[in-house]
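Visitor: the following block contains a protein sequence and its predicted model.
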Amino acid sequence: MSNVKFMSGENIPLEMHKVRMVQRVHLLPVETRLESMKEAGFNTFLLKNRDIFLDMLSDSGVNAMSENQYAAMMQADDSYAGSETFYRLENSIRDVFGLKYFLPAHQGRACENILAQVFVTPGSVALMNYHFTTTKAHITRMGGSIEEIIGDEGLKITSSAPFKGDMDIDKLNEAIKRIGSGNISFVRIEAGTNLVGGQPVSMKNMREVSKICRASGIKLVYDASLLADNLYFIKTREAEYKNTDLKEIMREIASFFDVVYFSARKLGCARGGGIITSDDEMFFKMRELVPLFEGFLTYGGMSVREMEALSVGLQETADLDIISQTPIFVEAMCEELIKKGVPVVTPPGGLGCHVDAREFCSHIENSQYPSGALAAALYIASGIRAMERGTLSEQRNEDGSEPIASMELIRLALPKRVYTLSQVKYTADRIAWLHKNRELIGGLEFVEEPKVLRFFFGRLKPIGGWAEKLAEQFRKDFGESL
Ligand code: F0G
């Protein structure tokens, strides 16, 4: 948000855009929502968009695009090889990151597949501030493992640490010594650390990690998918960068890393992804896999229209008014919830507001998926779709035991420039009602459990008849209201 003060002193997130195209959404009656949840196997991923009022599942591929992005899509140059569109995107990426080579891919996890295939060997370890689901799945698929070395503050639900995504430097040094640099496939830093609540990483921390990796000859990889939010926090929480141009910050970040990759479903508000590097050897190794898995080197599985939108979207990442919208709305939602006594991750991060389901549903066993249950209950109570980010999103251990997640959260993602303040207030209102009635929420158990990434399409059922009781209570309390 630009520097706008309200006379009342209230902290209101003010939009620096106007809406010129809208989509009708529907709020179904609670009884229908209950039926939809049953059909979806109590998994919010399996709900149909037509049954959802506010979709806060993710910001992936659903951010609002700017008029300039749409305009750019009209000049897309469709050609199997060598399209003008590709060179425009390559130029935009070079301009923003200051690195030499760009390999296009159809989305973020495709980049992770390529990185894992090239750099992960059986028995190797990838060190990272924190894992992301698809990152970990690709690394373990290649026989590697991951080790998380996030600072202790990162795993605390409430904290005042401004950069909870930072790596613990002592732990990093210790891990390198213990594992040996030859057995480390790479060190990975994830911007806006997704699974701990969209928490940022500081420039100071990235600089230190880079120094250590360079001195030990270990490759350093940056997952820039959530860079936009992280940039906002560097600019507003790291005093040294208060007056630095955002593009300069992006270039400095890129200079710390050997490889930068990103999901363009998030960064750049389009759909696609890419890998960037200035390292000749790494580039040539990774390049071989692009035509094999993605498509020819000048589109990599992306549509040229999306590539044009991405070229513009990346440039817009350097505009503080544009990138601040999500973090200031997340902060507004967190403040509303805190006022109503709901436990949320603090300080507010990017991406979305994260509710602490372990605390919210402290009466539900971890093995009965409190976050999954809360996400299902929230849909029944409001038509809002959130995402489970806890034990359900983990992969079962080889011996079949359940790895209890260090955090048990539900994420209310705020896609960029999509929802309004009244919709944020409605969300907080329904969550507060659920909090008051939290004893009505029960656990879940699997009916169908896929082995890999089970949270995407696994089906569950409630333990006991709690879902019906919740819907009945809603009707009692809200009368005719939707
Ligand atoms: N890295 C991070 C930090 C992500 O958040 C995601 C996706 C990916 C990689 C994979 O990118 O989806 O384009 O293949 N996150 C989405 C989310 C799915 O909802 O948070 P992708």
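Guide: Looks like it came in fine.
Visitor: ok, Leu89 touching Leu310?
Guide: Yes. Leu89 is in contact with Leu310 according to Cβ atoms under 8 Å; the separation is 6.1 Å. In this view, the C-beta of every residue, glycine as well, is placed from N, C-alpha and C.
Visitor: which residues touch the closest residue to the ligand within the stretch 51-200 of the chain?
Guide: The nearest approach of the stretch 51-200 of the chain to the ligand comes at Gly108, 2.3 Å away (Cβ to the nearest ligand atom). Taking Cβ atoms under 8 Å, 6 or more residues apart in numbering, we find Gly108 in contact with 134, 223, 225, 261-266, 273.
Visitor: for Gly349, which non-adjacent residue is closest in space?
Guide: Gly198 (3.4 Å; Cβ to Cβ, 6 or more residues apart in numbering).
Visitor: how near is His363 to the ligand?
Guide: Going from His363 to the ligand by Cβ to the nearest ligand atom, to the nearest Å gives 28 Å.
Visitor: kindly report the residues of the stretch 151-300 of the chain close to the ligand.
Guide: Neighbours of the ligand within the stretch 151-300 of the chain, by Cβ under 6 Å from any ligand atom: 190, 194, 223, 225-226, 263, 265, 273.
Visitor: ok so, going back, what about the residue nearest to Gly349, neighbour count?
Guide: Using other Cβ atoms under 10 Å, the number of residues around Gly198 comes to 30.
Visitor: next: the one 10 residues further on.
Guide: The local packing count at Glu208 equals 16, with neighbours defined by other Cβ under 10 Å.
Visitor: pretty sure Cys213 is touching Lys219, no?
Guide: Yes. Cys213 is within contact range of Lys219, at 7.2 Å (criterion: Cβ under 8 Å).
Visitor: shared neighbours, those two?
Guide: Both Cys213 and Lys219 are contacted by Val187, under the criterion Cβ under 8 Å, 6+ apart.
Visitor: which one's more surrounded, the two?
Guide: The neighbour comparison of Cys213 against Lys219 (other Cβ under 10 Å) goes to Cys213, with 24 against 21.
Visitor: where does the more buried one fall, secondary structure wise?
Guide: helix 203-216 (DSSP states H and E).
Visitor: direction included, what does the helix or strand just after that helix pair against?
Guide: Remark: after helix 203-216, the chain's next helix or strand is strand 220-223, criterion DSSP H and E. Partners of strand 220-223 in the sheet, by DSSP bridges, are strand 184-190 (parallel), strand 259-263 (parallel).
Visitor: break down the stretch 51-200 of the chain into its strands, ranges please.
Guide: For the stretch 51-200 of the chain, the strands defined by DSSP state E, counting those that start in this stretch occupy 54-55, 101-105, 125-128, 145-148, 184-190.
Visitor: output the second one as PDB, nothing but the C-alphas.
Guide: Looking back up the chat, that one is strand 101-105. C-alpha atoms of strand 101-105 as PDB (Å, rounded to 0.1, in the frame of the first residue of the first chain):
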ATOM      1  CA  TYR A 101      20.400 -18.600 -18.800                       C
ATOM      2  CA  PHE A 102      16.600 -19.300 -18.600                       C
ATOM      3  CA  LEU A 103      15.100 -22.800 -19.000                       C
ATOM      4  CA  PRO A 104      11.200 -22.700 -19.300                       C
ATOM      5  CA  ALA A 105       9.100 -25.400 -17.500                       C
END
